[in-house]
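A.B. asks: What follows is a predicted structure for the sequence shown.
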Amino acid sequence: MSNPQQFRYSKEHEWLSAAEDGVSAVGITEHAANALGDVVYVQLPAVGDTVTAGEPCGELESTKSVSELYAPVTGEITAVNEDVVDDPSLVNSEPFEGGWLFRVRPSAEPEGLLSADEYTAYATGEES
């Protein structure tokens, strides 16, 4: 499992990119995508919605189950990835690139997120 070093990660298995012009991208990790299995449907927040860190803001449905999507940061949704809405399999095939889910303008500095190494240890059960 290779997690991009430039991202921050939640314990709910979402990633948050570094802000560009005050906006960050959000997606789920490769670990989460693999655990879900083939994603067949995504429900994302709408542009203009406000999301709250640690709170559900959407759903991912796979051939195995339905899982909630959690916001890794509080802020306003500025874009959703229509490509993922049209082709949910991008979440599995490109979790860190084309499979991003939405963009958010954080209203506060993200708190409690993990570095790539911390997340890898957490996800593989090797955290101390």
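C.D. replies: Looks like it came in fine.
A.B. asks: residues contacting the most centrally placed residue in the chain?
C.D. replies: Most central in the chain under Cα atoms, centre = their mean is residue 27, positioned 2.5 Å from the mean C-alpha point. Contact analysis of residue 27 by Cβ atoms under 8 Å, 6 or more residues apart in numbering lists 14, 15, 91, 95, 96, 99, 100, 101. Where C-beta positions appear, they are placed from N, C-alpha and C, glycine not excepted.
A.B. asks: List the contacts of the last one.
C.D. replies: So the one you mean is residue 101. 26, 27, 28, 42, 44, 58, 69, 80, 81, 84, 91.
A.B. asks: Please tell me how far it sits from residue 86.
C.D. replies: Distance, residue 101 to residue 86, using Cβ to Cβ, to the nearest Å: 13 Å.
A.B. asks: C-alpha coordinates for stretch 36-52, CSV please?
C.D. replies: The C-alpha atoms that make up stretch 36-52 are tabulated as CSV, following Å, rounded to 0.1, in the frame of the first residue of the first chain:
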residue,chain,number,x,y,z
LEU,A,36,-15.0,-1.9,-0.1
GLY,A,37,-14.6,-4.0,-3.3
ASP,A,38,-16.0,-2.8,-6.6
VAL,A,39,-17.6,0.6,-6.0
VAL,A,40,-20.9,0.8,-8.1
TYR,A,41,-22.5,4.1,-6.8
VAL,A,42,-21.4,7.3,-5.1
GLN,A,43,-23.5,9.9,-3.3
LEU,A,44,-21.6,13.1,-2.9
PRO,A,45,-22.4,16.4,-1.2
ALA,A,46,-23.6,19.2,-3.4
VAL,A,47,-21.5,22.2,-4.5
GLY,A,48,-22.2,24.9,-1.9
ASP,A,49,-22.9,22.4,0.9
THR,A,50,-21.0,22.8,4.2
VAL,A,51,-19.4,19.7,5.6
THR,A,52,-18.1,19.1,9.1
